[in-house]
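only the shape, not the letters, is given here:
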């Protein structure tokens with residue numbers, strides 16, 4: 001069984017975020033998760049104090065600082081994965097007080113597709129609410145997933161279907177047994193191409209884009 005991604009939600013001062021963000025190296029210092037190990041996958045939901053925005057940044061632990069002092073707290077250096085770089089840059093713009101817009105994100109297509117999702121070794125009934133190149137939101141039936149959990153999505157029928165891995169970015173209850181869940185696709189290669197093909201088919205079908 002694949003180990004779940006470590007997850008945490010943090011709120012940072014603008015200066016704190018900017019001092020920890022190193023765009024040339026694509027790394028971000030997070031004053032949390034100091035008990036993790038180098039190489040572990042993490043998903044960090046980041047808010048900037050004074051700004052009404054949040055973004056999830058995903059990557060691998062590149063360095064761990066277990067001990068610290070007031071000016072140098074314990075935490076991790078996160079090697080930000082390519083798909084999360086726009087989110088990290090977006091947060092930096094917000095921290096600098098620059099105008100920010102959501103229009104630069106990939107379009108989302110409103111389409112309902114049944115997607116067999118496997119979570120914690122069990123298959124969960126789910127259907128998409130919308131899809132984009134980076135992921136999707138789904139209507140989820142069953143036990144609630146945790147932010148940071150890694151799930152698998154089977155993308156085609158047949159003997160050797162492509163299976164994409166995704167990390168849970170958010171989860172919102174809509175009833176006793178139903179909730180909407182945001183998933184970020186983290187697979188590359190064949191599974192990544194299969195996911196992008198699914199989104200392209202949604203676009204061709206005339207699904208409403210937002």
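It's in. Just so we're clear, the structure is a prediction, and the values are computed from it rather than from any experiment.

where does pLDDT dip in the chain?
Where the chain drops to pLDDT under 70, the residues are 1-5, 70, 100-106, 157-159, 175-177, 210.

output the longest helix belonging to it.
The longest helix of the chain (DSSP state H) is helix 189-204.

which residues sit in contact with the residue nearest to residue 50 when sequence neighbours are not counted?
Distances taken as C-beta to C-beta, 6 or more residues apart in numbering put residue 14 closest to residue 50, at 7.1 Å, once the chain neighbours are dropped. Where you see a C-beta, it was placed from the backbone N, CA and C, and this is true even at glycine. Neighbouring residues of residue 14 by C-beta atoms under 8 Å, 6 or more residues apart in numbering: 48, 49, 50, 51, 94, 95, 96, 97.

before we move on, what about residue 74?
Contacts of residue 74 by C-beta under 8 Å, 6+ apart are 31, 34, 65, 66, 67, 68.

okay, residue 59 and residue 12: tell me how far apart.
Using C-beta to C-beta, to the nearest Å, one gets 16 Å for the distance from residue 59 to residue 12.

what does the domain assignment say about the chain?
The chain resolves into domains spanning 6-95, 109-209 when parsed by automatic domain parsing.

helices of this structure, start to end?
14-20, 85-95, 189-204.

in the shortest one, what counts as buried?
Of the residues in helix 14-20, those with enough neighbours to count as buried (16 or more other C-beta atoms under 10 Å) are 14, 16, 17, 20.
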